[in-house]
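>>> With the input below, show me the fold.
(2 chains)
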Amino acid sequence: MSVIDIEGLRLGYGGMAPEQIVLDGIDLHIDSGEFAAIVGPSGCGKSTFMKLLSGLLTPQEGQILIDNEPVTGPRSQVGMAFQNAIMLPWRTTLDNILLPLEVAPATKSDFRHRKAQYRRQAEDLLTAVGLEGMGSKYPWELSGGMRQRASLCRAMIHEPPLLLLDEPFGALDAFTKEELWLVLQTLRQHRTFTVLMVTHDLTEAVYLSDTVYVMSARPGRMLVRQNITFDQPRDLDIRFEPGFVSHVHDLREHIRGTRAQAAAKPVLGATS
Amino acid sequence: MTTSTPSTPATTTPRPSRLRHWLGWFRREEAMSFWIIIGFFVIWEAVCHLFSLPVYFLPPPSAIAQAAVEFQRALMINSIQTLWTTMAGFGFAVVFGLILGVAVGGSRRLYRGLYPLMVGFNSIPKVALVPILVLWFGIGSVPAIITAFLISFFPIVVNVATGLATTEPEMDDILRALGASKLDRLLKVGLPGAMPHFFGSLKVAITLAFVGSVVSETVAANSGLGHMMLMAQANFEVPLVFAGLLALAIEGVLMYALFVVIEKRMTGWAFRAQSAQQ
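Residues are numbered from 1 along each chain as shown, chains lettered A, B, ... in the order given. Okay, here's the model as predicted:
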C-alpha cells in the first residue's frame, strides 16, 4: 500500500511559462515503510518537491495524495529535518525536541498535562540517537553532529508516518555522516515509518534507500528509478562491494547525462 | 604585626594578600574606565588652572563639585524630575515600540506601508515639536514625557521588526508544516528570537529618552535639569550649569548600565551562543 501517490505534478514559480516551470510532470509512488532517496543535479527543484509534500506549497497541476488523502495544506503527518540543524538557542535540547508537540494542533491542548509522558518519549529518542542524558544541554554546547541527531529527534517526536529529509547530513564530516546513517537505521528498527530523502551524496542514497530516483535538471522530472535490494540493516562495508559500487556508478552516469543535456540546450532563465 | 606566631597565621597572612587583591583590580582591564574618568577630570582641572580660564567660561571640576554641594537640594529635585519624565516617556516607547515592532515585523504589507511615514516622523527634529506640545498640553511634565517617548520610540520599533524578520526560514517551514498557528510561531520562535535585538535597542533608546526630556525642559518647563541649567545660565551660575550636565551624564550612565544588566539576564543565551561559535 502506498503512502505517497503523486500523479502528473507540475509547478511553476510565478506562472506556467516554460522558463518558470520548476517541476514538470512528476509521477511517484512510495510504499509504506519504504526509504526513498531523490538525487539530481543542483537546482533541479528537489527542495521545492519537499515543500510540496509537507503542504507548504500547492502545485498548479496534478495532485499529491498522502495516505490516500490529497495534501491541501500543512498537516502534522510529516517530520522534517534540513541540512542546517536549526535549533532555538534559548531552549534546552529537550525543549527544542518537544517544540513540535507544543505547537501542533493535535497535541497542543493537552501538552501541559502530558508533558511528563512527552519528556520520557523525547528522552527515549535521545537515547536511540546516542544522546542519552544530553537533553538538558543547550544547542551551543552540542557539536554539529549532535545537533543533527537532536534535529532528527525533533522531526520524529510527534511520530509522523512520513519523514522528509532535505540533505540532512550535507554539512557533516565523513565519519559523523556514517554514524548518523547508522542512527537512522536504528530509528527505523524501533518504529516503521516512510522516509523521503533528498541528497547529493550518491553513496548515502544507495546505502540507506530501498529506491533511488534520479531527477533531471530544471524543469525537474523523475528520470530513473533504481531499486536497491540489499538486506536491511546494512553494514557500512557494503559500500565497497561490486554490486553497490555499480549502483553508485549508474546513478552518477544518469546525473552526468542530465547535466550535459541541460548545458547543451539554451534554457531561458535556467539557474542551476 | 610582622612577628606573627605560628599559632595565628590565619589572621595576619590575608591582610597583605587582600591589599594586593584590591591593588590588582586597579591594574585589570575592567579598571581602565575608572582610570580614564579620573584622568579626564585631572586634565580638565589642570587645563583650567594652566590657562587660568575664568570660571564663567569653563569652570574646573573642583568648582563644579563645590556648586553641586551648594545646590544639592535643587540638583536632587530636578534630577528626580528629569529621571521620572524620561522613564515615563521611555516606558511608553517600550510598550508601543514592541506593539508596533511586532505588527510591522509580522506583516510585510504593514512594513512597506508604514515605513516611509515612520522614517518621516523620525526625521523631524524633536525640538521643533515641543512648542506644539506646549500649545496642546501646557508647560510641565507632559511635553517632556511625550518628547522622550517620540525620540526613543523609533529605534525600538526598527529593532523589534528587524529581529522578527531575521527568523530562520527553515525553522518557520518546520512549524508551518506542523500546522502551527501564526500566534504560536510568533510567541515560541519569533519574539524570543527578536529579544536580543529588542534589549539591545533599549540601551540606545534610554539615552535618547534623556535627550528628549531635557530638550523639552530647556524649551518649556518649570522644573527638571534642563530648566535648572537654563535658569543657572541666566544667573551666570556657570558651575551649576556644568553640575547639571554631570548629573545628566551620571543618570544616563546608570540607566545604560541597568539595561546592560537586564539584557544579559534576559538574553544571556545570545551571548553564550556567540562565544561558543567562535
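>>> for residue 34, what are its contacts?
Using chain A here. Residues near A:Glu34 by Cβ atoms under 8 Å, 6 or more residues apart in numbering or on different chains: A:Val3, A:Thr194, A:Val195, A:Asp210, A:Thr211. C-beta here means a position set from N, CA and C on the backbone, and glycine is covered the same way.
>>> I was thinking of chain B, sorry if that wasn't clear
With contact set as Cβ under 8 Å, 6+ apart, B:Phe34 has these partners: B:Phe26.
>>> which stretches of chain B aren't confidently modelled?
Along chain B, the model assigns pLDDT under 70 to residues B:1-16, B:273-278.
>>> Near chain A, which residues of it? Just list them.
Taking Cβ under 8 Å from any Cβ of the partner chain as the contact definition, chain B meets chain A at B:168, B:170-171, B:173-181, B:184-185, B:188-189, B:192-193, B:195, B:267, B:269-270, B:272-273, B:276-277.
>>> Return a ChimeraX selection command for the buried portion of the residues you listed.
For anyone working in ChimeraX, the buried entries among the residues of chain B next to chain A, judged by 16 or more other Cβ atoms under 10 Å in any protein chain shown, can be selected with:
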select /B:170,171,173,174,175,176,177,178,179,180,184,185,188,189,192,193,195,267,269,270,273
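>>> So which of the residues of chain B next to chain A are in helices?
Using DSSP state H, the members of the residues of chain B next to chain A that fall within helices are B:170-171, B:173-177, B:184-185, B:192-193, B:195, B:269-270, B:272-273, B:276-277.
>>> Go ahead and confirm B:Phe137 touches B:Pro143.
Yes: under the criterion of Cβ atoms under 8 Å, B:Phe137 makes contact with B:Pro143 at 5.7 Å.
>>> tell me which residues form a beta bridge with the residue nearest the centre of chain A?
Among the residues of chain A, the smallest C-alpha distance to the mean C-alpha position (Cα atoms, centre = their mean) belongs to A:Leu165, namely 1.8 Å. For A:Leu165, the beta-bridge partners under DSSP bridges are A:Ala81, A:Met197.
>>> Confirm for me that it is in contact with A:Val195.
Yes: here A:Leu165 lies in contact with A:Val195, judged by Cβ under 8 Å, at a distance of 6.5 Å.
>>> one step back: who has more neighbours, B:Phe137 and B:Pro143?
B:Pro143 (28 against 15; other Cβ atoms under 10 Å in any protein chain shown).
>>> name the element the residue found closest to that one once you drop the neighbours it is linked to in the chain belongs to?
Closest residue in space to B:Pro143, ignoring its immediate chain neighbours: B:Leu133 at 3.8 Å, by Cβ to Cβ, 6 or more residues apart in numbering or on different chains. Secondary-structure element containing B:Leu133, defined by DSSP states H and E: helix B:130-137.
>>> now for that helix, which elements pack on it?
On a contact count with 3 or more Cβ pairs under 8 Å, 6 or more residues apart in numbering or on different chains; DSSP states H and E, helix B:130-137 meets helix B:141-165, helix B:191-219.
>>> I figured the residue nearest to B:Pro143 hits B:Phe149, correct?
No: look at B:Leu133 against B:Phe149 with Cβ under 8 Å: they stay out of range, at 10.6 Å.
>>> And those two? Which one has more around it.
Summary of the neighbour comparison: B:Leu133 and B:Phe149, criterion other Cβ under 10 Å, with B:Phe149 having more neighbours (25 against 21).
>>> And the helices in the stretch 101-250 of chain A, which stretches?
In order along the chain, the stretch 101-250 of chain A carries the following helices (DSSP state H, counting those that start in this stretch): A:105-108, A:115-128, A:144-156, A:174-190, A:202-208, A:242-264.
>>> now for those helices, which one comes closest to chain B?
Of all these, helix A:105-108 sits nearest to chain B, with 5.2 Å by Cβ to the nearest Cβ.
>>> Averaged pLDDT, the closest one. What do you get?
When the per-residue pLDDT values of helix A:105-108 are averaged, the result is 82.
>>> Touching it from outside, list them.
Contacting residues not belonging to helix A:105-108 are listed as A:Ser76, A:Leu101, A:Glu102, A:Arg114, A:Tyr118, A:His158, B:Gly179, B:Ser181, B:Asp184 [Cβ under 8 Å, 6+ apart].
>>> Now do the same for the closest residue to chain B within the stretch 151-272 of chain A: its pLDDT.
Distances between the stretch 151-272 of chain A and chain B by Cβ to the nearest Cβ are smallest at A:His158, namely 7.4 Å. As summarised for this prediction, A:His158 has a pLDDT of 86.
>>> Heading C-terminal from the lengthiest helix in chain B, find the next helix or strand.
Looking only at chain B and at elements set by DSSP H, the helix with the highest residue count is helix B:72-106. If you walk from helix B:72-106 toward the C-terminus, the next helix or strand you reach (DSSP H and E) is helix B:108-123.
>>> That following helix - contacts with which helices or strands?
Using 3+ Cβ pairs under 8 Å, 6+ apart as the contact criterion, the secondary-structure elements in contact with helix B:108-123 are helix B:72-106, helix B:141-165.
>>> which of those sits most buried?
Using mean count of other Cβ atoms under 10 Å in any protein chain shown, the stretch among those with the largest mean neighbour count is helix B:141-165, at a mean of 24.
>>> so how far is that helix off the chain centroid?
Using Cα atoms, centre = their mean, to the nearest Å, the mean C-alpha position of helix B:141-165 is found 13 Å from that of the whole chain.
>>> That helix versus helix B:130-137: what angle between them?
Between the direction of helix B:141-165 and that of helix B:130-137, the angle (axes from the mean of the first three to the mean of the last three Cα atoms, to 10 degrees) works out to 110 degrees.
>>> just checking, what packs against helix B:141-165?
Using 3+ Cβ pairs under 8 Å, 6+ apart, helix B:141-165 sits against helix B:72-106, helix B:108-123, helix B:130-137, helix B:191-219.
>>> Against which helices or strands is the first one packed?
Packing partners of helix B:72-106 (3+ Cβ pairs under 8 Å, 6+ apart): helix B:108-123, helix B:141-165, helix B:191-219, helix B:225-234, helix B:238-266.
>>> Same question for the last one.
Counting contacts by 3+ Cβ pairs under 8 Å, 6+ apart, helix B:191-219 is packed against helix B:72-106, helix B:130-137, helix B:141-165, helix B:225-234, helix B:238-266.
>>> Next, count neighbours for B:Val204.
The burial count assigned to B:Val204 is 16, neighbours taken as other Cβ under 10 Å.
>>> which ones are touching it?
B:Pro155.
>>> try A:Tyr138
Applying Cβ under 8 Å, 6+ apart, the residues near A:Tyr138 are A:Pro89, A:Arg91, A:Thr92, A:Thr93, B:Trp269, B:Arg272, B:Ala273.
>>> And it, how close does it get to A:Leu125?
Distance, A:Tyr138 to A:Leu125, by Cβ to Cβ, to the nearest Å: 18 Å.
>>> Please tell me how far B:Ala221 sits from chain A.
Per Cβ to the nearest Cβ, to the nearest Å, B:Ala221 is found 42 Å from chain A.
>>> Is my assumption valid that that residue occupies a position in a helix?
No: residue state for B:Ala221 (DSSP: H, G, I helix; E, B strand; the rest coil) corresponds to coil; a helix is not indicated.
>>> how close does it sit to A:Pro242?
Look at B:Ala221 and A:Pro242: by Cβ to Cβ, they are 90 Å apart.
>>> just A:Ser151 next, same as before
The gap separating A:Ser151 from A:Pro242 is 35 Å, by Cβ to Cβ.
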